[in-house]
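>>> Below are the sequence and a predicted model for it; my questions follow.
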Amino acid sequence: MSEPVDTVIFDLGGVLIDWNPRHLYRKMFDDAAEMEAFLRDVCAPAWNLEQDRGRPWAQAIAELSAVHPDKAELIAAYRGRWHEMLAGPINGTVAILEALHTAGVPLYALTNWSAETYPYAEELYDFLGRFRGVVVSGRIGLVKPDAAIYGHTIARFGVVPARTVFIDDSAKNVAAAAASGLRAVHYTGPEALARDLAALGLPVAA
């Protein structure tokens, strides 16, 4: 029989917080296809991931603008108007977080997030205070799905992987967490998450 789960580690963006660069760039592009091409080929996910790994935003903006000088204003907005990429909390998941907190379940977070922009989220979302600890990728120079970030998180928080469930909206991150020994759940929405956590014996209802 598998061990009972008694600890939860949450991802943040896409699970508890609705972060998406499209929230900003829909205001800056009239054509959706042009916006998608920009986010695929210029300010691409792999480019943004390097800021999550710790690359300074000023360096990232300067280097990319040198390659795409005609898009310099759009590139600069990725940092200058970054806060407009946040559409607010994902309320259903926040309710699950609150129920777990009320029940006394130890809660932690592991997020791919720039060290420069994470403090803004801390000021904006009080529920981040529910966590006993948060690993922010940009602060330690590691990102999901690198195996090392899961090992770092497990050691830092002193959790037992077999008794700890990790929640993420990225299938790659979930697979890497499972490979590290964590009980990993692929997040697809609050309702499915509530069912998944209830099946593990966790108190998800207030």
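On my side now, so go ahead.
>>> How is this protein partitioned into domains?
The chain breaks down into these domains under automatic domain parsing: 7-16+90-199, 20-85.
>>> Which parts of the chain are helices?
Here the chain has its helices, by DSSP state H, at 22-25, 32-41, 45-52, 57-67, 72-80, 91-102, 118-124, 137-140, 147-157, 171-179, 190-199.
>>> mind listing what's buried in the first one?
Applying a neighbour-count criterion of 16 or more other Cβ atoms under 10 Å, one finds 23, 24, 25 buried in helix 22-25. (Glycine included, C-beta is placed from N, CA and C.)
>>> isn't residue 136 right up against residue 108?
No - judged on Cβ atoms under 8 Å, residue 136 makes no contact with residue 108 at a distance of 11.8 Å.
>>> Quick check: phi and psi on the nearest residue to residue 194 once chain neighbours are set aside?
The shortest distance from residue 194 to any non-neighbouring residue, by Cβ to Cβ, 6 or more residues apart in numbering, is to residue 204 (4.7 Å). Residue 204 adopts backbone torsions of phi -100, psi -10, taken as degrees, to the nearest 10.
>>> list the contacts for residue 204?
96, 99, 100, 193, 194, 197, 198 (Cβ atoms under 8 Å, 6 or more residues apart in numbering).
>>> Kindly report the same for residue 154.
Applying Cβ under 8 Å, 6+ apart, we find residue 154 in contact with 161, 164, 180, 181, 182.
>>> so of the domains of the chain, which one's packed in deepest?
domain 7-16+90-199 (a mean of 18; mean count of other Cβ atoms under 10 Å).
>>> where does residue 1 land on pLDDT?
Turning to residue 1, the model gives it a pLDDT of 51.
>>> list the contacts for residue 190?
Counting by Cβ under 8 Å, 6+ apart, residue 190 makes contact with 90, 91, 92, 93, 95, 96.
>>> Nearest to residue 11 among the residues you listed?
residue 93 (10.0 Å; Cβ to Cβ).
>>> hang on, that closest one packs against residue 15?
Yes - Residue 93 lies in contact with residue 15 (Cβ under 8 Å); the separation is 5.8 Å.
>>> Any chance you could list residues touching both of the two?
With Cβ under 8 Å, 6+ apart, residue 93 and residue 15 have common neighbours residue 187.
>>> just for the chain, where's the confidence low?
Along the chain, segments meeting pLDDT under 70 span 1, 206.
>>> How about residue 21, nearest residue that isn't a chain neighbour?
residue 85 (5.2 Å).
>>> circling back to that earlier point, taking the contacts of residue 154, tell me the two that lie furthest apart.
Across the contacts of residue 154, the longest distance by Cβ to Cβ is 10.1 Å; it joins 164 and 180.
>>> Can you tell me how far the residue nearest to residue 21 is from residue 19?
6 Å (Cβ to Cβ, to the nearest Å).
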